[in-house]
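Peer 1: whatever this is, show me its structure:
(chains A, B, C and D)
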Amino acid sequence: MSAQLNPDEIRKRIARRIALELESGMVVNLGVGIPTLIQDFLQPNHGVFLQSENGLLGMGPTPPDDEFDMDLISASKHPITLEPGASIFSSSDSFAMIRGGHIDVAVMGALQVSERGEIANWSIPGQDILGVGGAMDLVASAKTMMIAINHLTKDSKPKLVRNLSYPTSGIRFAQKVIDGGERIFIENSRMILREIAPDCTLEEISATTEAHFEVAEDLKTMPVTPHAMGSGIA
Amino acid sequence: MSAQLNPDEIRKRIARRIALELESGMVVNLGVGIPTLIQDFLQPNHGVFLQSENGLLGMGPTPPDDEFDMDLISASKHPITLEPGASIFSSSDSFAMIRGGHIDVAVMGALQVSERGEIANWSIPGQDILGVGGAMDLVASAKTMMIAINHLTKDSKPKLVRNLSYPTSGIRFAQKVIDGGERIFIENSRMILREIAPDCTLEEISATTEAHFEVAEDLKTMPVTPHAMGSGIA
Amino acid sequence: MIEVVHSQKLKTAQEAVERIQDGDSLLVGGFGLTGTPFTLIDTITEQDRARNLTIISNNLGEAGKGLGKLLNSGHIRKAVGSYFTSNRDAVQAWSRGELEIELIPQGTLAEAIRAGGAGIAAFYTKTGVGTSLGAGKEERVFCGERHLLVEGIRAKVAIIRAYKADTLGNLVYFKTARNFNPVMATAADLVIAEVDEIVEAGQLEPEQIVTPHSYVDILVINDRYEKVGGTYVERSVEPG
Amino acid sequence: MIEVVHSQKLKTAQEAVERIQDGDSLLVGGFGLTGTPFTLIDTITEQDRARNLTIISNNLGEAGKGLGKLLNSGHIRKAVGSYFTSNRDAVQAWSRGELEIELIPQGTLAEAIRAGGAGIAAFYTKTGVGTSLGAGKEERVFCGERHLLVEGIRAKVAIIRAYKADTLGNLVYFKTARNFNPVMATAADLVIAEVDEIVEAGQLEPEQIVTPHSYVDILVINDRYEKVGGTYVERSVEPG
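Peer 2: The predicted structure follows:
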């Protein structure tokens, strides 16, 4: 779906839509991949506090090239800045914060999401498993998990599946899934389609989704342009 | 023994002798009671680092009255000062330091010490047990434990006993016991008398000590006057 | 007059302690009387809404001071901590059967609260092995040494004392008044911090913030106690 | 020229890494290349005394940089950490069977090191429950939730990176170069800290010291790398 958009545009669309979900005062951890783009789509004075698991609360946007400092990076190892009121702490204090349940929202990428909301986001069967990072800590402990994914894998297989065939990241479930064409809530272990992009059809989504999902009675059109930001749809 | 000295003088004698045991570079925790007096008997530029379990490394001596600050206290809740290079941390970081085995010497009072070196220093049978503080943490974790005690209880019973009749503070053993008349090492769970005060006799000590102890072949005279400080006997 | 920069988290002591309910568990910062949230404690006593409290704190203050006040006003059902003998009133209340006491080694108390705040359900420690305070606790040998299993501690509310906050609620502490306060800030559903001063966000150095603002729900200004000759004393007049 | 106040703990990088033995376990600070003790790592590589090292570090640096250098020089037998895919050399060495890898969730790694430093033999965590990384681990239910038992981690030596030390060995860190360094300082028999600068004791504020000196055995000055355009690069000439 959204075949007319290139992958980069789809990634930005997802990031933009998730930005609308984040409210002032929330403590939010952004995973690698699409989630790192979200920061660029937050409104000025958004009041969202970005936590980075390498030891930082109050992450600001990418600095201009001439202010780059390798000693100030995100968990994705990108250069960042500090917002006023930011604090720096150790990795152990950072994961005490994460694992103690002090992160309101973790936005993460995924390789698969099951229809109950289980997340696979660290390992591909048959490939070398040599990296997990903080994925399992966040899945075990974040109050709310939002998943930012492309609808299909690179070889056009559904990522929203009945049951995970990829290794799971934990036993807790995601609450929201946002891809380029739709926004899905997972409530009581059931997927509910809440929004659909204007350039997608229900038929397309059904054909490319393995997981069972219900369609919300008040199915809405997903805001997909910058213009729609701050429209109160979140 | 040392019947001619008043209790206060005996306490000072004990503190003075223990001060000779403390070497430059050691991280030392001083318990309540007699151990709090030790600081006054350390040489200038002693290089000993005093740790206080309420969250401080580098405790300095009592301030003059007009510099008293209730926000800067020892674990005994006495006003203190900070040495250059002192650091302040939380109670949890402080006990991580203690319990992680980072204290070289804990000097503590005791109600009883068994001949194997077991320590009873928090509770009296038949009395209300409403305070333990950090005693058990130190007994479980300090590299070396030195015991500062009066030789007899207030009702003239031996404090150095064969087996504890008071509740134990843990399963680890003290290495040194210093009272007003003697200095005893505990090695391989056996007490060895190493020093005896000039105003005490071996007969006196034997008569008032329940624990078995050996007498070192090279039994020394305990330095008991300020003059003897820094004499290299330690 | 106390100058205060406005913060969304700022409330009066009265508003703050209204959130405490009858029967709640409370983590209360402080070691002896140092680093104690006096204003909040006094306000709980005066407001007299929440009784049967379980207080988790190293001590119960001193006789008539700090938590000693809350004890004497009859608000405490149970105290969990490491050292209560320094408050004679607590010993007597316990003797009369009016106060339940749970004694925990100080380091185990600090570690259990850290565990509660860090998502650690339980941990193994050597402290207390073979003692009457370890009696009945599950034991296990690691590397040839006996250890006790201790579960994490959390509470419904934490009331803590810091020196300065910024408008977001980041906290720094003063000297040894830090003690149990930072760890308690991590282990309660609602965290109320009593501070002397609030500055603009950005005025505290990022590397020097001890408690990040995400742990702090409510800020209250200490407008009752001032330091005179190194000791906190009640101000002679109520602040205007 | 680098100005250095003399400290009893100060050694050259060569003297410091001579303490590392063949087959030792090493905690190595850093996250990616940030907060990495480059000088110490390079010196181990050059000195070529200690092989078959077990490296406990979040990553193995990047290809040819930081711990990537030590990997390529053939000194590492096993790596324990959370993320190795960012160094292709590590992936390939593992594929060829030349490198053993133990993968641990990042938070569990940080907590296990803290436990090792704090005298906690083992702890229960929710992270990893139901995953292949939790397979075979002992499980236990607390408050209705499944937890895994994880043992503390300690090493023979820790090499860490700080910004400034004082003459006693107290340390402060710079921005996110703090990461794993402070916790690793607590969990090894020998702790070697690489710093940019040493100041007199008393010049660091007591409340701002992150690692108290009692954790630090040896100080080494970073005299090889300088920051150019925000990145650490090897100095063009060896310092005199």
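
Peer 1: what sits against the residue most central in space within chain C?
Peer 2: Nearest to the geometric centre of chain C sits C:Val28, at 1.7 Å (Cα atoms, centre = their mean). By Cβ atoms under 8 Å, 6 or more residues apart in numbering or on different chains, the contact list for C:Val28 reads C:Thr36, C:Pro37, C:Ile41, C:Ile55, C:Ile56, C:Ser57, C:Leu67, C:Ala158, C:Ile159, C:Ile160, C:Met184. For every residue, glycine as well, the C-beta is placed using N, CA and C.

Peer 1: name the nearest residue to it, ignoring sequence neighbours.
Peer 2: C:Ser57 (4.0 Å; Cβ to Cβ, 6 or more residues apart in numbering or on different chains).

Peer 1: ok, which stretches of chain A are strands?
Peer 2: A:27-30, A:49-52, A:56-60, A:81-88, A:105-108, A:112-114, A:119-120, A:144-148, A:160-161, A:176-178, A:182-187, A:190-196, A:214-221 (DSSP state E).

Peer 1: out of those strands, which is closest to chain C?
Peer 2: strand A:81-88 (3.2 Å; Cβ to the nearest Cβ).

Peer 1: and the closest one, what's buried?
Peer 2: A:Leu82, A:Glu83, A:Gly85, A:Ala86, A:Ser87, A:Ile88 (16 or more other Cβ atoms under 10 Å in any protein chain shown).

Peer 1: which of the helices and strands in chain A ranks last by mean pLDDT?
Peer 2: strand A:182-187 (a mean of 91; mean pLDDT, DSSP states H and E).

Peer 1: enumerate the residues of chain A near chain C.
Peer 2: A:27, A:49, A:51, A:57-58, A:82, A:84-89, A:95-102, A:140-141 (Cβ under 8 Å from any Cβ of the partner chain).

Peer 1: so how far is chain B from C:Asp217?
Peer 2: 20 Å (Cβ to the nearest Cβ, to the nearest Å).

Peer 1: if I read this right, that residue contacts C:Ile192, doesn't it?
Peer 2: Yes. Contact criterion Cβ atoms under 8 Å: C:Asp217 and C:Ile192 qualify, at 6.7 Å.

Peer 1: what is the neighbour count of the residue nearest to A:Thr81 when sequence neighbours are not counted?
Peer 2: Excluding the flanking residues, the one nearest A:Thr81 by Cβ to Cβ, 6+ apart is A:Gly60, at 3.7 Å. Neighbour count of A:Gly60, defined by other Cβ atoms under 10 Å in any protein chain shown: 15.

Peer 1: for A:Gly60, report the pLDDT, please.
Peer 2: Per-residue pLDDT puts A:Gly60 at 94.

Peer 1: go on, C:Ile76?
Peer 2: 98.

Peer 1: ok, what's across the strand from it?
Peer 2: Listed by DSSP bridges, the beta-bridge partners for C:Ile76 are C:Leu53.

Peer 1: what's around it, how many residues?
Peer 2: With other Cβ under 10 Å as criterion, C:Ile76 counts 24.

Peer 1: still on that earlier bit, for the strands of chain A, which has the smallest mean pLDDT value?
Peer 2: Lowest mean pLDDT within those: strand A:182-187, a mean of 91.

Peer 1: and that one, what does it pack against?
Peer 2: Applying 3 or more Cβ pairs under 8 Å, 6 or more residues apart in numbering or on different chains; DSSP states H and E, one finds that strand A:182-187 contacts strand A:176-178, strand A:190-196.

Peer 1: swap the cut-off to 10 Å and go again
Peer 2: Helices and strands touching strand A:182-187, by 3 or more Cβ pairs under 10 Å, 6 or more residues apart in numbering or on different chains; DSSP states H and E, are helix A:7-19, strand A:112-114, strand A:144-148, strand A:176-178, strand A:190-196, helix A:202-207, strand A:214-221.

Peer 1: mind listing the strands the second one pairs with, and their directions?
Peer 2: Strands adjacent to strand A:112-114 in the sheet, as given by DSSP bridges, are strand A:119-120 (antiparallel), strand A:160-161 (parallel).

Peer 1: and what of the fifth one?
Peer 2: Strand A:190-196 has the following strand partners under DSSP bridges: strand A:182-187 (antiparallel), strand A:214-221 (parallel).

Peer 1: from the residues of chain A next to chain C, list the buried ones, please.
Peer 2: A:27, A:49, A:51, A:57-58, A:82, A:85-89, A:95-102, A:140-141.

Peer 1: flag the shaky bits of the chain, pLDDT-wise.
Peer 2: As the question left the chain open, I've gone with chain A. Across chain A, the stretches falling below the confidence threshold (pLDDT under 70) are A:1-4, A:226-234.

Peer 1: not quite, I wanted chain C
Peer 2: C:1-4, C:237-240.

Peer 1: who in it is up against chain D?
Peer 2: C:107, C:111, C:114-115, C:118-127, C:140-143, C:145-152, C:163, C:172-176, C:178, C:205-208, C:210 (Cβ under 10 Å from any Cβ of the partner chain).

Peer 1: out of these, which sit inside helices?
Peer 2: C:Gly107, C:Glu111, C:Arg114, C:Ala115, C:Ala118 (DSSP state H).

Peer 1: who's in contact with A:Lys154?
Peer 2: A:Pro7 (Cβ atoms under 10 Å, 6 or more residues apart in numbering or on different chains).

Peer 1: measure it to D:Cys143 for me?
Peer 2: 41 Å (Cβ to Cβ, to the nearest Å).

Peer 1: also A:Val107?
Peer 2: Between A:Val107 and D:Cys143 the distance is 27 Å, computed by Cβ to Cβ.

Peer 1: higher neighbour count, the two?
Peer 2: Neighbours per residue, other Cβ under 10 Å: of A:Val107 and D:Cys143, the larger number sits with A:Val107, 29 against 8.

Peer 1: quick one: buried residues of the least confident helix or strand of chain A?
Peer 2: A:Glu182, A:Arg183, A:Ile184, A:Phe185, A:Ile186.

Peer 1: where's the helix or strand harbouring C:Val183 relative to the chain centroid, distance-wise?
Peer 2: Using DSSP states H and E, C:Val183 sits in helix C:181-184. How far helix C:181-184 lies from its chain's middle: 7 Å, per Cα atoms, centre = their mean, to the nearest Å.

Peer 1: tell me the helix or strand right after it.
Peer 2: strand C:188-195.

Peer 1: okay, that next one in CSV with CA atoms only?
Peer 2: Taking Å, rounded to 0.1, in the frame of the first residue of the first chain, the C-alpha atoms of strand C:188-195 are listed here in CSV:
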residue,chain,number,x,y,z
ALA,C,188,6.7,5.4,45.2
ASP,C,189,3.6,6.0,43.1
LEU,C,190,3.5,9.6,44.2
VAL,C,191,6.6,11.6,45.1
ILE,C,192,6.4,14.9,47.0
ALA,C,193,9.6,16.8,47.4
GLU,C,194,10.0,19.6,49.9
VAL,C,195,12.6,22.1,48.8
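
Peer 1: and that strand, which strands flank it?
Peer 2: Here, using DSSP bridges, strand C:188-195 pairs with strand C:155-161 (parallel), strand C:218-221 (parallel).
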